[in-house]
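Please work out how this folds:
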Amino acid sequence: MIRIAATLLVTACAVAQASAGTYNATIVVDIFGKPYSIDIYRVAGDLAGFGPQLQPEGMVWHDGTLYVTGDAGAQAPLGSGTETNGHVAAYAGGNLAATPAALGQFATSGRAIGPEAITINARGAGYGSFAGPTPKFVVMDSAGGSVGRILGVLDPAGPSVGEIQSDFLNGDDLAFVPGATAAEDRLAIIESASPSPVLTWYSTDATPVSLGVGFALADDAKGLLYLPQADAAYFSPLATTDCFMVSVAGAVNELQLYSLDGVLLASSALPTGTGSGLFGGVEALAYDPIGKRLFLGDENALSSQIGVAVQVPEPCALALAAGLASGLVAAVRFRRGRPAT
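Reported below is the predicted structural model:
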């Protein structure tokens, strides 16, 4: 296992008060031994009108759109405006500088439920599958109580939630893992457990059933991203098979790369805190395989932000690092249409 310490090279000016799609900072950080430029956007107000704050806790990328969910509070009554009130934010093209669409609502029994996890089964068979242009979402909430700990399917084109399974588990994130055939498809779920979280495999049957614990995870493991081998290898040459990327949101935010059988291949710390260019608690991950962008969702109420990480080309890495202090901030602002000051 390779452990790489993060290197924070520069942050842009702090934004005094976040609003929808507010650019916050650009930083450069080593992830698994490679430099990444991360543009950070505050998204707290991006679902204004549906709830007072979007705090990213679940994310998935599908067909050119980034979908983001956050808590609704503990079984909040519909319309109470607790966080996102169960709505899903849809960022077309992954453009975090624009206000997202509010897509569907995760609700049952007159209560808004905040999905802690969201994934997509685009197979066309199995739990939560769909056909056509409008996706369904497999979602999970672990608020506790009579309508908490739910695994369900959100269909924005139909009822708010279908295929509900209450008191199913107590989890933090989930990922759809395609198999060679539909019968071999799986749901991988980070479950809260003592003394540490575990990754547990579930079937994609109409009623998913546990297939047993896969492996133990680090304390405070929160985010889960499945990466096919070709995409995993983009992040690390150690990825010679399909992998999981896991985010750990504790005293130090960390990204970890695992093989599907639980071998920890690499680990990198992210700059942690609640100021400009820092992450308070990365609890959600998504990946755009076409644009090769890694999205980092910060659930911390003081941050409520999403980072967009793009790998810095190797031949330019040293030159970029050397030139950050003298010109990167001005260049970044010019690129976004803001005058350098």
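
what distance separates the start and the end of stretch 201-221?
Terminal residues of stretch 201-221 are spaced 16 Å apart (C-alpha to C-alpha, to the nearest Å).

should've said stretch 224-239
Terminal residues of stretch 224-239 are spaced 16 Å apart (C-alpha to C-alpha).

same deal with stretch 213-232?
Stretch 213-232: ends 23 Å apart by C-alpha to C-alpha.

could you give the mean pLDDT of that stretch?
The pLDDT scores in stretch 213-232 average 96.

do the same with stretch 256-269
On average, the pLDDT along stretch 256-269 is 97.

Straight-line length of that stretch, end to end?
Stretch 256-269 has an end-to-end distance of 9 Å (C-alpha to C-alpha).

List the buried residues for it?
Gln256, Leu257, Tyr258, Ser259, Leu260, Leu264, Leu265, Ala266, Ser267, Ser268, Ala269 (16 or more other C-beta atoms under 10 Å). Every residue, glycine included, has its C-beta placed from N, CA and C.

Now the two most distant members of the residues you listed.
Leu260 and Ala269 (23.5 Å; C-beta to C-beta).

Quick check: nearest residue in space to Asn300, chain neighbours excluded?
Gly280 (2.6 Å; C-beta to C-beta, 6 or more residues apart in numbering).

Tell me the spacing between that neighbour and His87.
Plainly put, Gly280 is 22 Å away from His87 if you go by C-beta to C-beta, to the nearest Å.

These two - which one has more neighbours?
The neighbour comparison of Gly280 against His87 (other C-beta atoms under 10 Å) goes to His87, with 27 against 20.

Next up, the contacts around the more buried one.
By C-beta atoms under 8 Å, 6 or more residues apart in numbering, the contact set of His87 is Leu47, Phe50, Gly51, Ala102, Leu103, Gly104, Gln105, Phe106.

ok, what's across the strand from it?
Counting by DSSP bridges, His87 is bridged to Gln105.

per-residue confidence for it?
So, for His87, pLDDT stands at 86.

same thing with Arg186?
The model's pLDDT for Arg186 equals 97.

and it, bridged to which residues?
As for beta bridges, Arg186 partners with Val177 under DSSP bridges.

what about it, neighbour count?
When neighbours are counted by other C-beta under 10 Å, Arg186 registers 20.

pretty sure it contacts Asp205?
No: applying C-beta atoms under 8 Å, one finds Arg186 not in contact with Asp205, separated by 10.7 Å.

so where is the stretch 201-341 of the chain shaky, pLDDT-wise?
For the stretch 201-341 of the chain, applying pLDDT under 70 flags the ranges 315-341.

Also the stretch 1-150 of the chain?
Looking at the stretch 1-150 of the chain by pLDDT under 70, you get 1-20, 73-77, 79-81, 143-148.

ok, which stretches of it are helices?
Assigned helices in the stretch 1-150 of the chain: none (criterion: DSSP state H, counting those that start in this stretch).

before we move on, back to that, closest to Pro156 among the contacts of His87?
If you rank the contacts of His87 by distance to Pro156 using C-beta to C-beta, Gly104 comes first, at 3.4 Å.

Count the residues that sit near the residue nearest to that closest one when sequence neighbours are not counted.
Nearest residue to Gly104 in three dimensions, chain neighbours excluded: Pro156, at 3.4 Å (C-beta to C-beta, 6+ apart). By other C-beta under 10 Å, 17 other residues sit near Pro156.

coming back round to it: pick the one among the buried residues of stretch 256-269 closest to Asp242.
Using C-beta to C-beta, Leu260 is the member of the buried residues of stretch 256-269 that lies nearest Asp242, at 5.5 Å.

From what I see, Ser303 and Thr274 are in contact.
Yes: with contact defined as C-beta under 8 Å, Ser303 counts as touching Thr274 (5.4 Å).

shared neighbours of those two, which are they?
Jointly contacting Ser303 and Thr274 under the rule C-beta under 8 Å, 6+ apart are Gly280.

More neighbours: which of those two?
Neighbour count, other C-beta under 10 Å: between Ser303 and Thr274, Ser303 has more, with 26 against 15.

burial of Pro289, as a residue count?
12.

Would you mind listing the residues in contact with it?
With C-beta under 8 Å, 6+ apart, Pro289 has these contacts: Trp61, Asp231.

Against Ala157, how distant is it?
On the measure of C-beta to C-beta, Pro289 and Ala157 end up 25 Å apart.
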